[in-house]
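>>> sequence first, predicted coordinates after that:
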Amino acid sequence: MEDNRNTPKKKRNRWNIVLAVAAVVLAIASIGLYIAPQMLFKVYDDEDEFRSHVDLRYRQMNVLPDARSRVVSTDYSDSAATAIRYDPLQDENMAVFRDQRIRDIQNSYKKRIAESEAAREKKHGEDMFYRPLQHVLLIDTAVYDSGTGALTLAIYTEEYREKDEAMEKVDSTIDTWLVAKDDLRALKTIQVMAPDYREKASVFTKEYLRTTVAEDKFNEGAAAYLDDDEGNYDKFVISESNVTFFFDQDTVLKKDQGVVAVSMLRSYMGPTVRSGIIERFIDPNKPMVALTYDDGPGGDAEKRIQRCLKKYNVVATFFYLGNRVKSDAETAKSCVAIGCEIGNHSWDHAELTSLSKEDIRKEINKTNKVITKVTGVRPTVFRPPYGSTSDKVRKQANMPEILWTVDTLDWKSRDAKKVFKKVKKTKKLDGKIILMHSLYDETAEATEKIVPWLLENGYQVVTVSELIKYKTGESPKAGETYE
Ligand code: ZN
């Protein structure tokens with residue numbers, strides 16, 4: 001059932017061709033003929049010879065699977081030579097994306113070589129036989145279409161440095177990029193693979209390497225890179241037929257074994273490779289927080305909040321006042337467009353406990369009606385103004401009632417730092433509902449601090465309904481209060 005094409009055992013590189021010509025020149029020079037020292041010992045006579053060595057090496061290179069009709073281009077203009085093997089791509093945007101990554105790699109390589117050669121020259125520049133060493137960077141690239149809406153780009157490099165008139169391999173690297181096929185936006189692994197993909201990949205990879213690679217080629221800490229822990233199996237490409245995982249040099253296997261590639265069939269990975277890209281994924285086992293904003297639609301301040309949420313690909317719940325929705329329809333609509341949840345906060349911020357049954361119903365129903373009409377989406381949850389509620393209110397509202405667990409007092413302080421601090425210093429934030437208001441610029445500013453801070457600290461930022469669903473195991477129910 002396994003696909004064994006991408007064998008990780010790579011023979012020690014024998015791309016060391018001593019130049020007989022250089023040796024002859026040296027012999028002549030040593031019996032008294034004057035020849036400019038920089039003419040001696042050059043590894044390649046000219047670009048043609050460089051090119052033929054490059055072609056030879058590329059033929060042996062098999063880290064990237066499914067090599068197709070690839071093109072090789074070379075640059076032999078200075079002592080930091082480069083070569084690139086690539087597919088001519090139909091997708092022009094993807095070609096631009098790939099070429100930019102290649103340029104970044106080339107530029108940092110050239111800069112690094114220039115610096116190390118400058119240091120050599122400073123030290124040995126006076127020597128009669130000094131000349132810059134020859135360096136070569138070979139780049140191999142491939143783009144894979146998963147057939148499920150995702151593209152993966154892999155860039156593999158091998159770096160060589162002149163040593164004793166031959167080229168010695170000093171480094172090899174692998175990098176992969178995962179993007180959406182339609183607009184090339186960066187995707188997270190979780191959007192294309194289910195969380196248990198690492199378990200499957202780990203079982204296969206361990207067994208495969210155990211049966212194909214000699215024990216003495218493994219690094220001592222190899223297991224740490226092969227377990228299904230987070231952080232492992234993050235470099236991969238997905239084609240229509242295979243998933244290939246890559247391991248950096250000197251991780252699983254010893255450094256001289258280079259980058260390791262292990263391919264497995266898509267059929268082996270089964271549904272752990274998703275059939276399409278999912279836009280948002282909530283991991284029930286990871287902490288989550290619901291940000292809630294009352295009293296909107298909140299015009300410019302809320303739009304700024306929405307921009308921030310969108311930027312970080314997170315969502316929140318906005319509790320709207322019915323009487324504001326028509327005049328700020330644009331904000332309400334964009335709230336839905338970015339995937340946020342809309343809740344009902346009464347028509348005009350009434351103290352509901354002091355109203356008659358009929359008036360409570362009016363406050364709630366009118367608001368649901370206008371929100372549905374303007375946004376196309378019916379509010380799912382309800383929050384009584386001032387948090388003031390009773391059995392009567394709950395019964396008349398007949399919606400899940402949402403209170404809060406963290407009150408930022410943003411309306412009172414109007415100070416982004418204070419609001420942020422309030423969230424930061426809350427203990428055990430997991431499962432908490434945070435109360436803010438979408439009317440204030442300071443609250444928008446606070447949101448711009450809170451959201452990245454939450455994400456950096458491992459929290460998922462979800463809607464109130466999502467929070468309730470994942471924390472209680474059930475969707476929010478009408479007549480129940482959640483806080
Ligand atoms: Zn309110």
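Cool, got the structure.

>>> use CA for all of it now, contacts and neighbours both
Noted.

>>> mind listing what's buried along stretch 353-365?
353, 360-365 (16 or more other Cα atoms under 10 Å).

>>> make TSV from those and add distance to the ion to it.
TSV is the format used below for the buried residues of stretch 353-365 (distance: Cα to the ion, whole Å):
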residue	distance to the ion
353	14
360	16
361	18
362	17
363	14
364	14
365	17
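
>>> for the residues you listed, which one is nearest residue 389?
residue 353 (5.8 Å; Cα to Cα).

>>> that closest one belongs to a helix?
Yes: remark: residue 353 belongs to a helix, assigned using DSSP: H, G, I helix; E, B strand; the rest coil.

>>> chain neighbours aside, what residue packs nearest to it?
residue 389 (5.8 Å; Cα to Cα, 6 or more residues apart in numbering).

>>> okay, now the single nearest residue of the stretch 101-250 of the chain relative to the ion: neighbour count?
Nearest residue of the stretch 101-250 of the chain to the ion (Cα to the ion) works out as residue 191 at 35.7 Å. Counted by other Cα atoms under 10 Å, the residues lying close to residue 191 total 19.

>>> now it: which helix or strand?
Here residue 191, judged by DSSP states H and E, is contained in helix 189-192.

>>> do the same with residue 133
Short version, using DSSP H and E: residue 133 is in no helix or strand.

>>> what's the spacing between it and residue 189?
Separation of residue 133 from residue 189 (Cα to Cα, to the nearest Å): 41 Å.

>>> so what's the residue most central in space within the chain closest to, chain neighbours aside?
For the chain, the residue nearest the mean C-alpha position is residue 188 (4.4 Å; Cα atoms, centre = their mean). Closest residue to residue 188 apart from its sequence neighbours, by Cα to Cα, 6+ apart: residue 178 at 7.2 Å.

>>> now do the contacts for that neighbour.
150-153, 186-189, 237 (Cα atoms under 8 Å, 6 or more residues apart in numbering).

>>> got the residues of the stretch 351-483 of the chain near the ion?
For the stretch 351-483 of the chain, the contact set with the ion under Cα under 5 Å from the ion comprises residue 385.

>>> among the buried residues of stretch 353-365, which are located in helices?
Among the buried residues of stretch 353-365, the ones falling in helices (DSSP state H) are 360-365.

>>> quick check, pLDDT for residue 19.
pLDDT for residue 19: 38.

>>> next structured bit after the strand or helix carrying residue 323?
For residue 323, the enclosing helix or strand under DSSP H and E is helix 322-325. Beyond helix 322-325 in the direction of the C-terminus, DSSP H and E gives the next helix or strand as helix 329-337.

>>> which elements pack onto the following helix or strand past that following helix?
Note on helix 329-337: by DSSP H and E, the next helix or strand toward the C-terminus is strand 341-344. When contacts are defined as 3 or more Cα pairs under 8 Å, 6 or more residues apart in numbering; DSSP states H and E, strand 341-344 packs onto strand 317-320, helix 329-337, helix 357-375, strand 381-382.

>>> run the last query once more with 7 Å
Helices and strands touching strand 341-344, by 3 or more Cα pairs under 7 Å, 6 or more residues apart in numbering; DSSP states H and E, are strand 317-320, helix 357-375, strand 381-382.

>>> make CSV out of these and add mean pLDDT.
What follows is those, written out as CSV (pLDDT from 0 to 100):
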stretch, mean pLDDT
strand 317-320, 98
helix 357-375, 97
strand 381-382, 97
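
>>> what's around the closest residue to residue 120 other than its chain neighbours, how many residues?
What sits nearest to residue 120 in space, not counting adjacent residues and going by Cα to Cα, 6+ apart, is residue 132, at 8.0 Å. Neighbours of residue 132 under the rule other Cα under 10 Å: 21.

>>> so residue 132 sits right up against residue 115, yeah?
No: with contact defined as Cα atoms under 7 Å, residue 132 does not reach residue 115; the gap is 11.6 Å.

>>> mind listing what's buried in the longest helix seen in the chain?
Of all segments of type helix in the chain, defined using DSSP H, the longest is helix 92-124. Going by neighbour count (16+ other Cα under 10 Å), the buried part of helix 92-124 is 94, 98, 102, 106, 109-110, 113, 117.

>>> what sits against residue 360?
Neighbouring residues of residue 360 by Cα atoms under 7 Å, 6 or more residues apart in numbering: 352, 393, 396.

>>> if we go to 10 Å?
By Cα atoms under 10 Å, 6 or more residues apart in numbering, the residues touching residue 360 are 346-347, 350-354, 392-397.

>>> what does residue 203 give?
Here residue 203 is in contact with 226-228 (Cα under 10 Å, 6+ apart).

>>> so it, which of the three states?
Residue 203 falls in the helix class when you classify it by three-state DSSP.

>>> can you get me a residue count around residue 80?
Neighbour tally, residue 80, other Cα under 10 Å: 23.

>>> contact partners for the spatially closest residue to it that is not a sequence neighbour?
Setting aside the residues directly before and after it, residue 80 is nearest to residue 135 in space (Cα to Cα, 6+ apart), at 4.7 Å. The neighbourhood of residue 135, defined by Cα under 10 Å, 6+ apart, consists of 43, 76, 78-82, 109-110, 113, 159-163, 167-169.

>>> what residues does this protein put near the ion?
By the rule Cα under 5 Å from the ion, the part of the chain lying against the ion is 295, 385.

>>> how is the chain carved up into domains?
By the assignment in automatic domain parsing, the chain contains the domains 4-272, 288-482.

>>> of all those, which lies closest to residue 281?
Using Cα to Cα, the domains of the chain put domain 4-272 closest to residue 281, at 7.1 Å.

>>> now the closest one: how far from the chain's centre is it?
Here domain 4-272 is found 21 Å from its chain centre; the criterion is Cα atoms, centre = their mean, to the nearest Å.

>>> what bits of the stretch 301-450 of the chain have low per-residue confidence?
Of all residues in the stretch 301-450 of the chain, none has pLDDT under 70.

>>> gap between the residue in it that the ion sits nearest to and residue 440?
Using Cα to the ion, the closest approach of the stretch 301-450 of the chain to the ion is made by residue 385 at 4.7 Å. With distances taken as Cα to Cα, residue 385 is found 18 Å from residue 440.

>>> equivalent analysis for residue 224, please.
48 Å.

>>> more neighbours: these two, which one.
Per other Cα under 10 Å, whichever of residue 224 and residue 440 has more neighbours is residue 440, with 22 against 12.

>>> now that one. Its backbone dihedrals?
Dihedral pair for residue 440: phi -110, psi 140, per degrees, to the nearest 10.
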